[in-house]
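Colleague: build me a model from this:
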Amino acid sequence: MKCNIWSNRVAGFYSKILCTLATISYFKQHDNNSLFRIDTNLLGYGDWCNFYTEINQFDGNADISVSDDQVWYHYVKNDSTPSDSFLRQLSVDALPYLKYSKQFQEYRDTFQDITNYITLHFRGSLANWHTPYVPEESYIPIINEKYNDIDNILICTDDNNAVNNFKRLLPNKNIIHNSTFTKQGGEVHLYKPPTERVGIGFEVMRDSIFMSKSKAVIGKGSNVSSFAKILNSDLQINYII
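Modeller: Coordinates of the predicted model:
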């Protein structure tokens with residue numbers, strides 16, 4: 001089966017990635033010898049090849065052409081967070097197709113080395129896109145109950161208020177935050193994003209990699225943490241409702 005996957009909508013970076021992986025997995029389950037071609041404009045944050053190497057496994061016409069969200073929403077998507085078993089299947093079937101671009105590999109070489117840490121994923125959502133709003137205080141009981149013995153806490157957010165609030169709420173912890181495009185009240189990609197869309201994509205890829213290597217993630221359900229789970233199926237995620 002020769003499958004062409006094209007873009008059908010404006011959506012977040014990892015929403016597009018997960019939909020694409022689900023499409024690849026779906027066709028692999030039906031024909032393990034399936035070949036794929038990805039629309040270079042699919043991501044909307046810059047050409048696919050800015051982030052991953054090109055996927056163009058066949059020449060000529062495709063046997064079938066599907067939008068990036070067609071399989072996800074017709075066969076997979078519901079109101080709950082994707083199950084561990086589903087994310088594990090994407091890891092097996094589709095993750096091998098994602099090979100980092102040279103540009104991103106050079107960016108990844110600049111990452112600081114962090115060990116023995118948990119990740120807090122905070123989404124500002126003051127624009128009411130990612131509802132319900134969950135304040136920083138909601139994270140503290142889980143930290144105290146499950147991870148009080150861990151001193152290093154990585155904050156993944158583009159809300160520049162949240163980092164300072166976590167420092168105030170966790171004065172005895174080592175708070176780590178990688179530089180990012182930020183906006184008071186977050187999230188920057190929902191407002192007037194900078195013209196450097198590739199930079200935003202790189203940052204969210206960086207966050208998912210760090211999440212996947214942490215002891216655990218605390219946060220609302222998101223495509224970023226779901227992708228981190230694809231990278232590391234043993235990752236423990238504590239969802240805040």
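Colleague: could you pull up the mean pLDDT of stretch 52-71?
Modeller: Mean pLDDT, stretch 52-71: 91.
Colleague: what's in contact with it?
Modeller: Identification of contacts with stretch 52-71 by CB atoms under 8 Å, 6 or more residues apart in numbering yields 1-9, 11, 16, 19-20, 22-23, 26, 35-40, 42, 48, 97-101, 104. Using the backbone N, CA and C atoms, a C-beta is placed for each residue, glycine as well.
Colleague: how about it, which residues are buried there?
Modeller: 52, 55, 62, 66-71 (16 or more other CB atoms under 10 Å).
Colleague: next one: the residue lying farthest from the centre of the chain from Ser225, what distance?
Modeller: Among the residues of the chain, the one whose C-alpha is farthest from the average of all C-alpha positions is Gly60, by CA atoms, centre = their mean at 32.2 Å. Gly60 sits 39 Å away from Ser225 when distances are taken as CB to CB, to the nearest Å.
Colleague: one step back: out of the buried residues of stretch 52-71, the closest to Asn160 would be?
Modeller: Sorting those by how near they are to Asn160, with CB to CB, puts Tyr52 at the top with 29.0 Å.
Colleague: dihedrals phi and psi, that closest one?
Modeller: Reported as degrees, to the nearest 10, the phi and psi values for Tyr52 are phi -130, psi 160.
Colleague: where does the protein dip in pLDDT?
Modeller: Within the chain, the stretches with pLDDT under 70 are 71-80, 124-132, 181-195.
Colleague: would you map the helices across it?
Modeller: 13-30, 48-51, 70-71, 84-93, 102-108, 140-146, 160-169, 197-212, 223-231 (DSSP state H).
Colleague: out of these, nearest to Thr180?
Modeller: Evaluated over the helices of the chain, closeness to Thr180 peaks at helix 197-212, with 5.1 Å, by CB to CB.
Colleague: let me see the contact set for Gly201.
Modeller: Contacts for Gly201 were tallied using CB under 8 Å, 6+ apart; they are 13, 43, 45-46, 50-51.
Colleague: try Ser233
Modeller: Residues counted as contacts of Ser233 (CB under 8 Å, 6+ apart) are 84, 87-88, 91.
Colleague: mind giving me the ChimeraX command for buried ones among those residues?
Modeller: Here is the ChimeraX command that picks out the buried ones among those, judged by 16+ other CB under 10 Å:
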select :87,91
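Colleague: of the contacts of Ser233, which is the nearest to Ile218?
Modeller: Asp84 (16.9 Å).
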